[in-house]
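Participant: What follows is a predicted protein model with its sequence.
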Amino acid sequence: MAILNETVDGEESAGRSGWSRGAALLLRDKRAVVGLIILGLFSGMAIFAPLIAPYDPNAQDFSMMEGLSWTHLLGTDDLGRDLLSRLIFGTQISLFVGVSTVAIALVIGVFLGVVAGYFGGVLDNIIMRYIDVQWAFPNFIIAVYLVAVFGNGLMNVIIAISLAFIDDFARVARSMVLTIKEEQYIDAAKTVGASSWRIMWLHVLPNAAAPLIVVGTVSISYAILAEAGLSFLGLGVNPSTPTWGLILSEGRSFISRAWWIGVFPGLFIMLTVLSINFLGDALRDLLDTRETANIAAR
Amino acid sequence: MTAYLARRVLGAIVVMFVVATLVFFMLRILPGDPIAAMLFDVEDPDAVEFLRTKYGLDQPIYVQYVKWFGHLLTGDLGQSIYGSRQDVTRTILEAFPRTMSLAGLSFLIAMIIAVPAGLISAVRKNSTLDHVVTVVAFLGLSMPDFWFAIILIIAFAANLQWLPAIGYVPIAEGLWPWFSHLILPSIAIGTPFAAIIARMIRSSMLEVLQMDYIRVARSKGLLNTRLILVHAFPNALIPVVTVMGIAIALLMAGTVIVENVFAIKGLGRVLIQGILNRDFPVVQGAILVVSAIFVFANLLVDVLYTVIDPRIRFD
Amino acid sequence: MKKKFEDLTDLERKTVKDDLEHAYDFDPRDPLFGLTRDKLSGPRISRRSVMRLMAASGVLTAWHVLPGTTSKALAQNRGGILEAGWAGVGEITTLDPAQINQVLQFQITSSVLSGLTHLNADLVAEADIAETWTVNDAGTEIIFKLREGVTFHNGDKFTADDVIFTFNRSKDPDQSINGGLLKNVASLEKLNDLEIKFTLSAPQASFFVKTTERASGRALTIVSRGGLEALGTQQYGLTPIGTGPFRVTEHTLGQRVKLRRFDDYYDPERPVLDGVNITPISEPEPLAAAMEAGDIQLIGGNPVAPELVDRFEANSDIVVDIIGGNGFQAVFLNPWRDPFKVPSFDKPLAELMKEKGFMVRLAIAKAIDRDRFIERAQFGRGVPAYGSINPAMGFYFDESLAETSNQRFDVTAARKLLADAGFPNGEGFPTLTLKGGPPVRRDMQIIADILKRNLNIEIKIEIKEFQILVPEFQKVDYDMLRIGSGGDFDPDDGIVDFLQTSSRLNGANRDKAKMPFGHFGEADVDRLGDEQSRTADLKKRRVLVQKVNKITSDKVAAAFIYHPVDVLVHRKEVDFPARSRVVGLVDLDRVSFV
């Protein structure tokens, strides 16, 4: 991908044309195309879930653990619900969990990171000591603790995972700000008398965007996996809001008896995470952010 | 160098102190009552109050904190309050070798997969082989770990019956019993880890292969395999080492779930069960140890980095 | 293995009936229940006398008197190490009888420690570490003669001092959580090295089958003073030293308990095995895989998940032995919250039936299709419940309640009640929350679906850890809460523990100013409940128990759902003799390989 990198290197300040040029370049990468197609399909499934799901996802209307058939394309689960319908509605919630956790973590983390990096001094010290403390734990363990405090449920799980991811974004944002701060155009803006917030918003943030996009993309996949892990430990969402992780975790003791209950939700998660990773990898090459983006690999 | 080290170690200790304090107070806001749950079926109504007094849980939090900290300084982590009453130190000392065995073996398995995979896909960049390796690596990274673990159990324990489904046997009882119990969980943890390392090696190798001295060596007709393994690969490892701290975190997070599936009472399981049981002393102790591992692993990685990369100075 | 009642011949049914009749045929004013001193003294008490004792103390179940199938004469091989898995548990936290609070713990100590008596599956209270005993005419003084030449696993000699030591330890709240079990013992005296005398405050029929029982008794399960001094309490909790057939040679918390044959056990015929390794396995799939692969050969511990029972039954290498119908499982409805608010149950039923809050309660209880629930949640294993008194209580169980209860399943009536309460076809009904622990997760989803299907109301499910659920239950902080009791075989287990105003499990930590009772409070239940507890006349007690049961059922103290079964699973190479098959226990001393 070296050729791609050279092209992108020229894009120090990403204007509108830079974005569209970037998108065009991204589409040249097969991984990105495959990833985007799969994600597009799942997104469509999420948006039109009520239209395409053949049955009510929560209605226990059928016999339990019925195999694959034309009436139930993916069979029925251990409570006699149509597995396909559950997975389609699960797509909605799982993608929502993935995207919203990352959005929350991104906003809070970037805010902390940019403030710390830009102002430095005591503020930096306080924020970074906190981030260091959080950094001392794997994200997943933090999420487990937080769900234990908040209790089970969709909102609580989203908040727990997003808080657990804050330190990743804060670190990336801060280190980017530290590099950019020294650039001449920031000095120029300062001398013109622009306010700190304005400088951060208009100049610092856009330039720190590339690594954040990569970390953010990959984090979505970690959030989806983390939700599944929490469900496995009994710390996930409640049964009325089925996520893929919940469906998989509840189906796990039926795998040997009715393989479809344990296999399809796993495949859905795998495909999604896989395509997010493809996309993330392509973005990483395109934006040349290998070093920083690795941080998210937790 | 000494001053730098001293400063870093001191910093690490401060972080751990903050962690310990934070954890102590954060555990107290967990909803739930371990004593009431434990004595649910015991007919003596006074027993709950008696135990609460005995464990000092009836005292104000700051008093509990001061006491706990005093004990901590003397190396006493307290006793489990939910059920076993075992010394936390002992629980952790027992769990530690299990997690280390598991993490060590997972690391080994990951490397056995990752190094050839990374090298092949770098050297044969954009070949079919590269694509296959890439896809397989990402597949490994994309499975929920408990799901992968259960599938391994169904395949290799229940159906093929090659390996035991659950449990841990200490190495003192024989190398094979120890090893055989660890294979499946290590694969479950090692596979996603291998995927990450393989990707890192690939991209780092690609960079090294672009460097002048490699190009020169190539043009001089140096044997390809030798060139890759002796000249390029060691250099490509440098950036990989720098993210090892993160990698260890990943490994540890993997053990949390996998230990629960395979009924191995390692640190991860101790921690999770402690949180679920509201067994405060156990969680405090386990977190102290887990965070110490991270903090010092990160420290070690930083130091190692400065050693292997002379461009970085100690400031 | 016990036969199922449905499979019995007429003659066998008659025998069962006669046995039960005979068990309950005594004058309750007689402290010895019509048994002579001779009959109560022993190296053993006969089957018929034990049945009467159990009947008198309310622990006799119909299952107990079922005849066994003629067990095939299996060649018993001596020796071998049995690999056992303990289900649904991450670690066996303690084996110290003074700390034991779970059945899965005393399932193990039953093979390691001794009691003065032990109740086997043939309903014989066998002398265990005692050799014989005598009872005085008033039934208040019991003299046990102890076995001679018994030694502890550490070589110490067992004497009367050890019983005294155990007794004093159990009485001390600093050392034991089970002191409450000795409330009725006024004193214990050592007569000589091999004789001790208990003096009871009041005659207690259950003494031999409950208090001195080696497994569930706990308070008089003999511990070793020397062992405790040498090991310390903590280590003793892991590797207790006793006088039982097996000794604990190793216990790694959370990994494995190793039991090995104790060569100096008083009965040279036992144990048959050389040893047992016990591994706690919390996850269902690994448990099943280990069983199918033969890594483990027997499952003890918590009840096996219902979906696994089906799977094991389909496997020809695995034996599934099912008995029971004990305990009760229910959904509690908070009477202090709308829409099923009932501030007072102290009204005639007819009047209650006119209150909207009560109509909703009853509608919910009536709308639960127990048969569908058992079919789906328990894969067909279990007995529909309409009250706390369960079939395992035999004599007290009221079969007719299924027909006469106000809670009897009836969709049309339930819908009408809901409509009369102002929610025609569930319209305008608030979304309620149903709380429960992780093990009943599946089970609650089925209840919610049944209510949705039959009443068109939405129930949201919240899974809570036990550590949170118990305090919330005790504060009456819930809309609907799914809990139950696996407990004993005495009617007190449901009535006195759960359903009286002052019950310890009836909102003990509620705001008493705002809530005069917890989830239920009713004057007749309080009065009759106390009365039945004191009543020794079994037939009279049965009348009282069934009255209370009917009131709590009709006035919807809770929506009762089902009575579960007891399942033992082992591989077919394991011979688990019928006489060791005691409900809830996993006695290993006579188990062998085929």
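Facilitator: Ah, there it is.
Participant: near chain C, which residues of the stretch 51-200 of chain B show up?
Facilitator: Within the stretch 51-200 of chain B, the positions near chain C by Cβ under 8 Å from any Cβ of the partner chain are B:51, B:54, B:79-80, B:82-87, B:91, B:94-95, B:150, B:153-154, B:157-158, B:161, B:164-168, B:170. Yep, even glycine has a C-beta here, placed from its N, CA and C like the rest.
Participant: And the pLDDT at residue 2?
Facilitator: You didn't say which chain, so I picked chain A. On the pLDDT scale, A:A2 is placed at 33.
Participant: not quite, I wanted chain C
Facilitator: Looking at C:K2, the pLDDT reads 55.
Participant: which bits of chain A sit near chain C?
Facilitator: Contacts of chain A with chain C, taken as Cβ under 8 Å from any Cβ, map to A:58-60, A:64, A:78-80, A:148, A:151-153, A:234, A:238-240, A:250, A:252-257.
Participant: which of the residues of the stretch 51-200 of chain B next to chain C are buried?
Facilitator: The neighbour count (16 or more other Cβ atoms under 10 Å in any protein chain shown) marks B:51, B:79-80, B:82-87, B:91, B:94-95, B:150, B:153-154, B:157-158, B:164-168, B:170 as buried among these.
Participant: give me the subset of the residues you listed touching chain A.
Facilitator: B:150, B:154, B:158.
Participant: and the residues you listed as TSV, adding pLDDT and secondary structure?
Facilitator: Shown next, in TSV, are those (pLDDT from 0 to 100; DSSP: H, G, I helix; E, B strand; the rest coil):
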residue	pLDDT	secondary structure
B:I150	90	helix
B:I154	88	helix
B:A158	83	helix
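Participant: For A:G113, state which of these is nearest.
Facilitator: Set against A:G113, the nearest of those by Cβ to Cβ is B:I150 (38.0 Å).
Participant: Contacts only, for the residue at minimal distance from the centre of chain A.
Facilitator: Note on chain A: the residue nearest the mean C-alpha position is A:I220, at 1.2 Å, using Cα atoms, centre = their mean. A:I220 makes contacts with A:98-99, A:101-102, A:276, as judged by Cβ atoms under 8 Å, 6 or more residues apart in numbering or on different chains.
Participant: B:Q64 too?
Facilitator: Applying Cβ under 8 Å, 6+ apart, the residues contacting B:Q64 are B:56-57.
Participant: what does the average pLDDT come to for stretch A:36-43?
Facilitator: On average, the pLDDT along stretch A:36-43 is 94.
Participant: for stretch B:219-227, same thing?
Facilitator: For stretch B:219-227, mean pLDDT is 68.
Participant: Quick check: residues of the stretch 51-200 of chain A near chain B?
Facilitator: So the stretch 51-200 of chain A meets chain B at A:129, A:132-133, A:135-141, A:144-145, A:148-149, A:151 (Cβ under 8 Å from any Cβ).
Participant: From those, keep the buried residues only.
Facilitator: For those, a burial check counting by 16+ other Cβ under 10 Å picks out A:132-133, A:135-141, A:144-145, A:148, A:151.
Participant: could you dump the residues you listed to a markdown table with secondary structure?
Facilitator: Shown next, in a markdown table, are those (DSSP: H, G, I helix; E, B strand; the rest coil):
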| residue | secondary structure |
| --- | --- |
| A:D132 | helix |
| A:V133 | helix |
| A:W135 | helix |
| A:A136 | coil |
| A:F137 | coil |
| A:P138 | coil |
| A:N139 | helix |
| A:F140 | helix |
| A:I141 | helix |
| A:V144 | helix |
| A:Y145 | helix |
| A:A148 | helix |
| A:G151 | coil |
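Participant: Quick check: which ranges of the stretch 151-298 of chain A have low pLDDT?
Facilitator: Within the stretch 151-298 of chain A, the segments meeting pLDDT under 70 span A:288-298.
Participant: Sketch out the helices for it, chain order is fine.
Facilitator: A:154-181, A:184-192, A:196-199, A:205-232, A:244-251, A:259-287, A:290-293 (DSSP state H, counting those that start in this stretch).
Participant: Quick one: work out the angle between the first one and helix A:205-232.
Facilitator: Relative orientation of helix A:154-181 versus helix A:205-232 (axes from the mean of the first three to the mean of the last three Cα atoms, to 10 degrees): 150 degrees.
Participant: The closest residue to chain C within the stretch 151-298 of chain A - nearest residue in space that isn't next to it in sequence?
Facilitator: Closest to chain C within the stretch 151-298 of chain A is A:S253: 3.9 Å, counting by Cβ to the nearest Cβ. Distance criterion Cβ to Cβ, 6 or more residues apart in numbering or on different chains; nearest residue to A:S253, sequence neighbours excluded, is C:P284 at 3.9 Å.
Participant: What is the neighbour count of the closest residue to C:G584 other than its chain neighbours?
Facilitator: Nearest non-adjacent residue to C:G584, counting by Cβ to Cβ, 6+ apart: C:V103, 5.5 Å away. Using other Cβ atoms under 10 Å in any protein chain shown, C:V103 is surrounded by 19 other residues.
Participant: which ones are touching the residue of the stretch 151-298 of chain A closest to chain C?
Facilitator: For A:S253, the contact set (Cβ under 8 Å, 6+ apart) comprises C:284-285, C:288, C:305, C:307-308.
Participant: now do B:L139
Facilitator: So B:L139 contacts A:270, A:274, B:195 (Cβ under 8 Å, 6+ apart).
Participant: With B:D58 instead?
Facilitator: B:D58 neighbours (Cβ under 8 Å, 6+ apart): B:49, B:52.
Participant: swap the cut-off to 7 Å and go again
Facilitator: Applying Cβ atoms under 7 Å, 6 or more residues apart in numbering or on different chains, we find B:D58 in contact with B:R52.
Participant: Using the three-state scheme, assign it.
Facilitator: coil.
Participant: From C:D477, how far out is it?
Facilitator: 22 Å (Cβ to Cβ, to the nearest Å).
Participant: C:R453 too?
Facilitator: Here C:R453 is placed at a distance of 28 Å from C:D477 (Cβ to Cβ).
Participant: How about C:S592?
Facilitator: The gap separating C:S592 from C:D477 is 51 Å, by Cβ to Cβ.
Participant: which one of those two has more residues nearby?
Facilitator: Comparing C:S592 with C:D477 by neighbour count (other Cβ under 10 Å), the higher total belongs to C:S592, at 21 against 17.
Participant: beta partners for that one?
Facilitator: Beta-bridge partners for C:S592, by DSSP bridges, are C:D575.
Participant: My guess is it contacts C:V272. True?
Facilitator: Yes - between C:S592 and C:V272 there is a contact under Cβ atoms under 7 Å: 4.0 Å.
Participant: tell me the domain ranges of chain B?
Facilitator: Annotated domains of chain B cover B:2-73, B:88-308 [automatic domain parsing].
Participant: Return the member of the ones you listed having the minimum mean pLDDT.
Facilitator: Minimum mean pLDDT among the domains of chain B: domain B:2-73, a mean of 80.
Participant: Can you check the distance spanned by that domain, start to finish?
Facilitator: End-to-end distance of domain B:2-73: 26 Å, with Cα to Cα, to the nearest Å as the criterion.
Participant: what's the offset of it from the middle of its chain?
Facilitator: Using Cα atoms, centre = their mean, to the nearest Å, the mean C-alpha position of domain B:2-73 is found 24 Å from that of the whole chain.
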